[in-house]
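>>> Starting from these lines, generate the structure:
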Amino acid sequence: MNSLARLLFAAIFVLAASMTVRADDGEFPILAEDGSLVANHSISAELENAIGKMQDVVVAANPKGKVTLYEFYDLNCPYCRKASADIDELVKSNPQLRLVLVPFAVLGVPSILAARVEYAVARLASPEQFYRFHRLVYQGRGTIDAQRAFAAARQTGLDMNKVLAVANEQTFAEVMTEHVHLGDALEIQATPSFVIKGVTIVGYPGKETLAKVIASAERCGKVVCEGAN
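Predicted structure coming up:
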C-alpha cells in the first residue's frame, strides 16, 4: 500500500468513526418546516473560530457580511444539493450573510474522490470561482465522483493539468482528516450541518427555518431571539 493509499485509508477510518450518533433533542427551539424540533446544540467560541482556520475552507459569498453561516456538506448528500440551491437564493438576497463552505466527505469513496477535486479548486481558484464550481457540480443527476467534479472544474475555467496535479497531492487526506476531526468535535452527525452564532444545527432544517435563524442572528446575535414565536 503506497503512502497516499495509507492516508486515504486512515481518512476513511476517521470518517466512519466520526459519525457516531448521540442524542440531540434540540437545545434551542428551532423548528423545521413540518413543526418538528431541529437537532441543535451550543458550541464554544474556540471551536467555532477553529472552522475558519482550517485548510481549504472557502468564504464563498459576501465576505464582508456581518453574520457567518458555516456549511458542512457532502457532494453526494441529496439534502446538501437542496440546501445549496436554497442557500444560493439566501446569499443573493441578503448581503449580510457571509457563507463559508466546509467540504465534509463522509458518504463513501465517490465523495472522497470528488472532494479531491474540490481540494484542488480551493487551492487554485478565487472564492468566486470556487462557489461557481460548487453550484455547477450539483447540476445534473446521479453520483458525483471525480469525473463529475473535474467537468465542473473545467467549466469554471481552471487549468485542468494544474487541477489534476493538486488533486493528487498527498496532503489532501490530511486536510480531509482535519475537517472530519473538527466536525466530530462539533458533534456533526449528518450532512448538511451548519454552525452559526455558537450553535451547531444538525441536518437541513429547510430554507424557511434557516432564513429565520439567519434573521435572528442579524437582529439579536442569537439563533433564536428572546420572545420570538
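
>>> Residues contacting stretch 41-50, please?
By CB atoms under 8 Å, 6 or more residues apart in numbering, the residues outside stretch 41-50 that reach it are 24, 27-28, 70, 182, 185-187, 195, 198-200, 202. Using the backbone N, CA and C atoms, a C-beta is placed for each residue, glycine as well.

>>> scratch that, stretch 207-216
Stretch 207-216 has contacts (CB under 8 Å, 6+ apart) with 30-33, 38, 67, 69, 83, 86-87, 89-90, 94, 97, 194, 196, 201, 204-205, 222-225, 228.

>>> how about 7 Å then?
30-33, 38, 67, 69, 86, 90, 94, 97, 196, 222-225, 228 (CB atoms under 7 Å, 6 or more residues apart in numbering).

>>> need the strands for the chain, in chain order.
Taking DSSP state E, the strands of the chain run over residues 40-42, 58-61, 67-73, 97-103, 193-196, 199-202.

>>> Mind listing the residues bridging to the most centrally placed residue in the chain?
Centroid-nearest residue in the chain: residue 72, 2.3 Å away (criterion: CA atoms, centre = their mean). On the basis of DSSP bridges, residue 72 takes part in beta bridges with residue 102, residue 193.

>>> so who does it touch?
When contacts are taken as CB under 7 Å, 6+ apart, residue 72 is in contact with 102, 104, 183, 188, 191-193.

>>> From residue 117, how far out is it?
Going from residue 72 to residue 117 by CB to CB, to the nearest Å gives 18 Å.

>>> Tell me where this structure is predicted with low confidence.
1-25, 228-229 (pLDDT under 70).

>>> sorry, back to before: with respect to residue 131, which of the contacts of residue 72 is nearest?
residue 102 (13.3 Å; CB to CB).

>>> Can you get me a residue count around the closest one?
Residue 102: 23 surrounding residues under other CB atoms under 10 Å.

>>> Does it touch residue 179 like I think?
Yes: between residue 102 and residue 179 there is a contact at 6.2 Å, judged by CB atoms under 7 Å.

>>> my guess is residue 187 meets residue 199, correct?
No: in this structure residue 187 lies outside contact range of residue 199 using CB under 7 Å: 11.3 Å.

>>> Please write out the alpha-carbon positions of stretch 145-165 in PDB.
What follows is stretch 145-165, C-alpha atoms only, in PDB (Å, rounded to 0.1, in the frame of the first residue of the first chain):
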ATOM      1  CA  ASP A 145     -17.500  11.400  -8.400                       C
ATOM      2  CA  ALA A 146     -14.100  12.700  -9.700                       C
ATOM      3  CA  GLN A 147     -15.300  12.800 -13.300                       C
ATOM      4  CA  ARG A 148     -18.300  15.000 -12.500                       C
ATOM      5  CA  ALA A 149     -16.100  17.200 -10.300                       C
ATOM      6  CA  PHE A 150     -13.400  17.600 -13.000                       C
ATOM      7  CA  ALA A 151     -16.100  18.500 -15.500                       C
ATOM      8  CA  ALA A 152     -17.400  21.300 -13.200                       C
ATOM      9  CA  ALA A 153     -13.800  22.500 -12.600                       C
ATOM     10  CA  ARG A 154     -13.300  22.600 -16.400                       C
ATOM     11  CA  GLN A 155     -16.500  24.700 -16.800                       C
ATOM     12  CA  THR A 156     -15.100  27.100 -14.100                       C
ATOM     13  CA  GLY A 157     -12.200  27.800 -16.400                       C
ATOM     14  CA  LEU A 158      -9.300  26.300 -14.500                       C
ATOM     15  CA  ASP A 159      -6.200  24.800 -16.000                       C
ATOM     16  CA  MET A 160      -7.000  21.100 -15.800                       C
ATOM     17  CA  ASN A 161      -3.400  20.000 -15.700                       C
ATOM     18  CA  LYS A 162      -2.900  22.000 -12.600                       C
ATOM     19  CA  VAL A 163      -6.200  20.800 -11.100                       C
ATOM     20  CA  LEU A 164      -5.100  17.200 -11.700                       C
ATOM     21  CA  ALA A 165      -1.700  17.800 -10.200                       C
END
